[in-house]
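Trainee: What shape does this take:
(one chain, ligands or ions: 1)
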Amino acid sequence: MKILVINGSPKGNKSNTYQLTTAFLAGMREGAQETEEKMEVEELQINRLDIHPCLGCFSCWNKTPGTCCIQDDMGEVIGKLLWADVTIWSFPLYYYTVPGALKNLIDRQLPMVLPFMVENETQTGNGSHPSRYDMSGKRTVVISTCGFYTAEGNYDGVYSLFDHEYGRDGYTAIFCGQGELFRVPEVSQRTKEYLNHVKTAGKEYFAGGILSETRDRLEELLYPKEIFETWADMSWGIEKPDGEKESDALLFTRQMAALYRKESFRGKEQVLEMYYTDIDECYQIVMGSEESHVVTDGSLTATTRIETPLSVWRSIAAGEIRGDEALLKQLYRVKGDFQLMLDWDDYFGGAGGGTERESVCRQESGGKMHVPTKETNMNIMLIPWMAFWIFVGINREIGSLVSIGACVLVPLFYYQHKKTVYDVVSAALAAGFSMAALLGADERIVLPLSYLSFGMMWTVSCFNKIPLTAHYSMNAYHGEDALRNPLFVKTNWILTLLWGILYLLTPVWTWFLMGTGVKSYIGAINSVLPILMGIFTVWFQKWYPAKVARGE
Ligand SMILES: Cc1cc2nc3c(=O)[nH]c(=O)nc-3n(C[C@H](O)[C@H](O)[C@H](O)COP(=O)(O)O)c2cc1C
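Mentor: Numbering: from 1, shown residues only. Prediction:
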């Protein structure tokens, strides 16, 4: 497949739109690799081409049919347009239409058509000129970004132009609002997510057409209107009434505040204090039910205070370093309520604006269903053990059968939940111990051995990159992303080790107590410590990250 990209942005490679186009091409390339189809790409940058405006002399129709009288780069462009199977027009929206230089290029396609007038049913309007060349089978993609919060309603000029040229359903369009965000590192988490969808669109386009699920994603706003507009207005630099320009740190804090998502309001106003240690400036972001605003006189009591060099926080915001990693390295400190940090993504996170679907993506074909992702569940790992410890204690034969039954039924949970290796190992071990009990093995050996195996499973998992508890507690901390958070992993590592040690020790007193008169109370006795440990776990997983954050 031969692909021609015409980058119509005067900014060349620095164009916002070009990022979308590059992502789309990357997707197409992936499609080509998978099908082992050859893909050739030619790119034309409008800012490097010498293309003069059309003189309107019609000499390309009468004096020198098919050849323009102007000697510039347009001859090469026409050659490439005829060569390509797919032409991708990439450009910013300028005054509700294409940039002037690109319009010149479009006008200069006149030699490609014949002077005769015909009705073309696929194109809009009345009257058209037939092509001088065989253009059948060629495909067209139009990719554009604009500066307003949405593409909706702003592209009628562009639609009109391309509808006339290629027919209403004769091309695929991806039009995206908030285009300037693609050059802002602080929101790169969100723009990268969008670019990934564009890449998927490219791959699907290569295979035939963009699927409806991907189109839905492309139609989501990058950020909700109010957030984007406040943010964008401030990005030009705010003038105080007396004309003095506000400090960089204050502007940065205001932009951060603008990203606040009021839907995450937890019923109580919070004050996030940002103290920039390197420049000794302090600002407070008030996070309310309707909006956020910045207080500059430090007059409020902070809910949470972040002490950080401005450069560090900028790097975190730009995604150059992970916030959690920087915290563990003590590049910044957090004082006060640490919960705000745990909920950071909800308050200021990347994937905003997902509910409004107002930007524009138009194309010919349709698509497939969205499959929700499954979560792990610690109960699936615990049920086989609980069944064994409780029921075999009550009645050896019936209890063993009940316990085996519980292990056999475990796979049913996987319809709803994600499986972990610990779920599988637990079901296998508990079934094995139940079988041993059923076959008459000595209870004084089997029960302590089961605790030992349980403890071993927890302890051994500490030698893996991700300890056992992290596989389950990640659900409450933004899923698998939590596994990349070193502080989260370390907290879970400590907890997993403590639980492992508890269960490595449990068989010792279990074996001893089983030889005494309290044998029948062993189940109750062995429940006390885990209950206390559970209470400790709940406390520790909040206390430890907060302690590290305070820099202690
Ligand atoms: C001269 C000019 C005119 C513009 N006109 C519009 C417009 O009519 N509507 C809009 O939403 N954005 C408009 N913009 C904003 C650009 O479309 C937006 O910044 C785009 O993301 C730039 O893309 P690029 O980096 O690919 O050139 C205009 C920008 C310039 C410089």
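Trainee: Angles on the backbone of residue 2, please.
Mentor: The phi/psi pair for residue 2 (degrees, to the nearest 10) reads phi -100, psi 120.
Trainee: from memory it sits against residue 86, does it?
Mentor: Yes. Taking contacts as CB atoms under 8 Å, residue 2 lies within contact range of residue 86: 7.4 Å. From N, CA and C alone the C-beta is placed, and that goes for glycine too.
Trainee: burial count for residue 9?
Mentor: 25 (other CB atoms under 10 Å).
Trainee: Now do residue 374 against residue 415, distance only.
Mentor: Between residue 374 and residue 415 the distance, using CB to CB, to the nearest Å, works out to 9 Å.
Trainee: which of those two has more neighbours?
Mentor: Here residue 374 and residue 415 are set side by side on neighbour count (other CB under 10 Å), and the busier one is residue 374, at 12 against 7.
Trainee: Distance-wise, check residue 194 relative to the ligand.
Mentor: Distance, residue 194 to the ligand, by CB to the nearest ligand atom, to the nearest Å: 13 Å.
Trainee: now residue 37
Mentor: Residue 37 sits at a distance of 29 Å from the ligand (criterion: CB to the nearest ligand atom).
Trainee: List the buried residues for the helix or strand hosting residue 386?
Mentor: Assigning secondary structure by DSSP states H and E places residue 386 in helix 378-394. Buried positions in helix 378-394, judged by neighbour count with 16 or more other CB atoms under 10 Å: 378, 380-385, 387-389, 391-393.
Trainee: As TSV, these with distance to the ligand and pLDDT would be great.
Mentor: Listed next are the buried residues of helix 378-394 as TSV, based on distance: CB to the nearest ligand atom, whole Å; pLDDT from 0 to 100:
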residue	distance to the ligand	pLDDT
378	47	95
380	48	95
381	49	95
382	52	94
383	54	94
384	56	94
385	57	94
387	60	93
388	62	93
389	62	90
391	65	90
392	67	87
393	68	81
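Trainee: Turn those into JSON lines, including distance to residue 202.
Mentor: Rendered in JSON lines, the data for the buried residues of helix 378-394 read as follows (distance: CB to CB, whole Å):
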{"residue": "378", "distance to residue 202": "40"}
{"residue": "380", "distance to residue 202": "39"}
{"residue": "381", "distance to residue 202": "41"}
{"residue": "382", "distance to residue 202": "45"}
{"residue": "383", "distance to residue 202": "45"}
{"residue": "384", "distance to residue 202": "46"}
{"residue": "385", "distance to residue 202": "49"}
{"residue": "387", "distance to residue 202": "51"}
{"residue": "388", "distance to residue 202": "53"}
{"residue": "389", "distance to residue 202": "54"}
{"residue": "391", "distance to residue 202": "56"}
{"residue": "392", "distance to residue 202": "58"}
{"residue": "393", "distance to residue 202": "60"}
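Trainee: Burial check on residue 147, number of neighbours?
Mentor: Taking other CB under 10 Å as the criterion, the count of residues near residue 147 is 15.
Trainee: What does it show for phi and psi?
Mentor: On the backbone of residue 147 - angles per degrees, to the nearest 10 - the values are phi -90, psi -20.
Trainee: ok so, going back, state the separation between the helix holding residue 386 and the centre of the chain it belongs to.
Mentor: A distance of 38 Å separates the centroid of the chain from that of helix 378-394, by CA atoms, centre = their mean, to the nearest Å.
Trainee: can you list contacts of that helix?
Mentor: Under the criterion CB atoms under 8 Å, 6 or more residues apart in numbering, residues 398-400, 402-403, 405-407, 410, 413, 417, 419-420, 422-423, 426-427, 429-431, 433-434, 437, 443, 447, 450, 454, 469, 472, 520, 522-523, 526 lie in contact with helix 378-394.
Trainee: Can you list the neighbours in contact with the following helix or strand past it?
Mentor: Towards the C-terminus, the helix or strand next in line after helix 378-394, according to DSSP H and E, is helix 396-409. The set of residues external to helix 396-409 that reach it, using CB under 8 Å, 6+ apart, is 383-384, 387-388, 390-393, 427-428, 430-431, 433-435, 437-438, 443.
Trainee: Perfect, that will be all.
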